[in-house]
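Asker: give the three-dimensional model of this entry:
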Amino acid sequence: MTTRAKIVGAAAAAIAAALGAGLAAPPVARADGPTCSAWDVEYALNGNLKITDTPMGAGDGVYPVGPGRAVIRFEDKGGQPGGHAKLTAYSMHEHVSVTSSALMFKATVVTDTTSKMGDGVATEGNLAGQTLTWGAPVTTYRSDGTMNCEGNLCGKFGAPPAGSSPIHMGPRTVQLAPFAYGADFKTFSMTYTMTSQADSPKQTTYSAISGREMKRTCVP
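Answerer: Model prediction:
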């Protein structure tokens, strides 16, 4: 190769290197994610209703209910939900069939209701360890739906009237029991707490619930 060819080749290589350097992708700055001031944690719920004080105890028992949904807003504790908590949403579908007998009378009462705790913040509490303890009672707890009574006991001894009738109970005051969380903080359970007391049908109702985390959302 002649000296001239070597010079031209070297110049071409230098130009190519310079162009390559100019076209190289610059380092990408990795943006940090949003800082969370709180976490909205959504739970799927199910539970049990314990019914007592029915006429002559004929309808007393424990009945499964659900599904339901709850959302709790926790403050941020080191990148995880914790500390102060607000119950911002709650609903539970309750379909219960109770057959009661008294003397020569019998009735089957089927209720289909949804219990809710109003809109906005229903109550507030604090998570310490694995226990979420609620402060002030919920004052917006209400149940709405329908009730159907069939049988010759309907309308007697505190039983509801025969046929279908609407149910509108509340708003009423309910003090929630503490939520006890599992070791992974993905599940919780609440022991029985009284949620209603009625004269028609005559009964006292206690609710127990359990929840499983479905989603958590960072609140910037």
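Asker: going forward, measure contacts and count neighbours with C-alpha atoms only.
Answerer: Fine.
Asker: look up how far residue 52 lies from the residue positioned nearest the centre of the chain.
Answerer: The residue lying closest to the centre of the chain (C-alpha atoms, centre = their mean) is residue 70, at 1.7 Å. For residue 70, the distance to residue 52 equals 26 Å [C-alpha to C-alpha, to the nearest Å].
Asker: in the lengthiest strand in the chain, what's buried?
Answerer: Ranked by residue count, the top strand of the chain under DSSP state E comes out as strand 80-102. Neighbour-count burial for strand 80-102, counted by 16 or more other C-alpha atoms under 10 Å, picks out 81-98, 100-101.
Asker: about what we covered before: next, the contact list for the closest residue to the residue nearest to the centre of the chain other than its chain neighbours, please.
Answerer: Nearest non-adjacent residue to residue 70, counting by C-alpha to C-alpha, 6 or more residues apart in numbering: residue 90, 4.3 Å away. Residue 90 sits next to 68, 69, 70, 71, 116, 117, 118 when contact means C-alpha atoms under 8 Å, 6 or more residues apart in numbering.
Asker: and which of these is nearest to residue 217?
Answerer: Nearest to residue 217 among the contacts of residue 90, counting by C-alpha to C-alpha, is residue 71 at 10.5 Å.
Asker: you'd agree the closest one is up against residue 88?
Answerer: Yes: in this structure residue 71 lies within contact range of residue 88 using C-alpha atoms under 8 Å: 5.7 Å.
Asker: and the helix or strand following the longest strand of the chain, what does it pack onto?
Answerer: Heading C-terminal from strand 80-102, the first helix or strand you meet, by DSSP states H and E, is strand 105-116. Under the contact criterion of 3 or more C-alpha pairs under 8 Å, 6 or more residues apart in numbering; DSSP states H and E, strand 105-116 touches strand 80-102, strand 138-150.
Asker: show residues contacting stretch 127-134.
Answerer: By C-alpha under 8 Å, 6+ apart, the residues outside stretch 127-134 that reach it are 82-85, 123-126, 176-183, 185.
Asker: could you find the closest non-adjacent residue to residue 51?
Answerer: residue 205 (4.7 Å).
Asker: next one: that neighbour from residue 181, what distance?
Answerer: Residue 205 is 24 Å from residue 181, by C-alpha to C-alpha.
Asker: and what of residue 110?
Answerer: For residue 110, the distance to residue 181 - C-alpha to C-alpha - is 33 Å.
Asker: ditto for residue 41
Answerer: Using C-alpha to C-alpha, residue 41 is found at 13 Å from residue 181.
Asker: got it, and residue 72?
Answerer: Per C-alpha to C-alpha, residue 72 is found 13 Å from residue 181.
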